[in-house]
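Participant: here are the coordinates; sequence isn't available:
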């Protein structure tokens, strides 16, 4: 089996899959979630919806880090939302493993054929920061369910961080820290 055939086995099915054919060997889901944040931000900032224009800007970016973590903060009068790359990678890994190990026996059971892809993620200077093996079931239904569970969990983390921005938590914390 050549490299392209091996890589094709880890390809996802949904638009928010970790890997898609057009992106190999890069992780494509980063783009999906960036567009998601932009779409939510556009909707929430619609003056027709909130009755006025939102003055504060929100800046979203991925940061190097491989925990299930995000961060919201204020700097230079702008709000920032950072999502660690590990949120996506670890979430997809976790739900894929759950479906491989028959965590939902009422829906799936029996032997599972799997595909592996070794991930080695480095920083901008080429220093390795994270290494894991991404495993996914070859069965289409298991892949789809793992991708949907991963998408919902990732969106939850993103929306949680965005809520700090839109609900004024960042301004509150900034004001509180000035009063100390």
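Facilitator: Looks like it arrived, so ask away. Keep in mind it's a predicted model, so treat the numbers as computed, not measured. Numbers count the residues shown, from 1 in each chain.

Participant: can you tell me the element residue 97 falls in?
Facilitator: helix 85-100 (DSSP states H and E).

Participant: by contact count, what packs against that helix?
Facilitator: helix 29-44, strand 114-122, strand 128-137, helix 140-166 (3 or more CB pairs under 8 Å, 6 or more residues apart in numbering; DSSP states H and E). The C-beta positions use only the backbone N, C-alpha and C, and glycine is treated the same way.

Participant: can you tell me what sits against the first one?
Facilitator: With CB atoms under 8 Å, 6 or more residues apart in numbering as the contact definition, helix 29-44 has outside contacts at 15-18, 49-50, 54, 58, 60, 62, 81, 83, 85, 88, 92, 154-155, 158-159, 162, 166.

Participant: what residues of the helix holding residue 97 count as buried?
Facilitator: For helix 85-100, the neighbour count (16 or more other CB atoms under 10 Å) marks 85-93, 95-100 as buried.

Participant: next one: stretch 131-149
Facilitator: Neighbour count says stretch 131-149 has 134, 135, 136, 137, 139, 142, 143, 144, 145, 146, 147, 149 buried, by 16+ other CB under 10 Å.

Participant: save those as CSV, and put in pLDDT too.
Facilitator: Converted to CSV, the buried residues of stretch 131-149 look like this (pLDDT from 0 to 100):
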residue, pLDDT
134, 88
135, 89
136, 90
137, 91
139, 91
142, 93
143, 93
144, 94
145, 95
146, 95
147, 96
149, 97
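
Participant: state the pLDDT value of the nearest residue to residue 138 once chain neighbours are set aside.
Facilitator: Of all residues not flanking residue 138 in the chain, residue 113 sits nearest, at 4.3 Å (CB to CB, 6 or more residues apart in numbering). In this model, residue 113 is scored at 89, pLDDT.

Participant: and residue 170, by the same measure?
Facilitator: 61.

Participant: repeat that for residue 179.
Facilitator: So, for residue 179, pLDDT stands at 67.

Participant: residue 61 belongs to a helix?
Facilitator: No. Counting by DSSP: H, G, I helix; E, B strand; the rest coil, residue 61 is not found in a helix; it is strand.

Participant: quick one: residues contacting it.
Facilitator: 80, 81, 82, 83 are the contacts of residue 61 under CB under 8 Å, 6+ apart.
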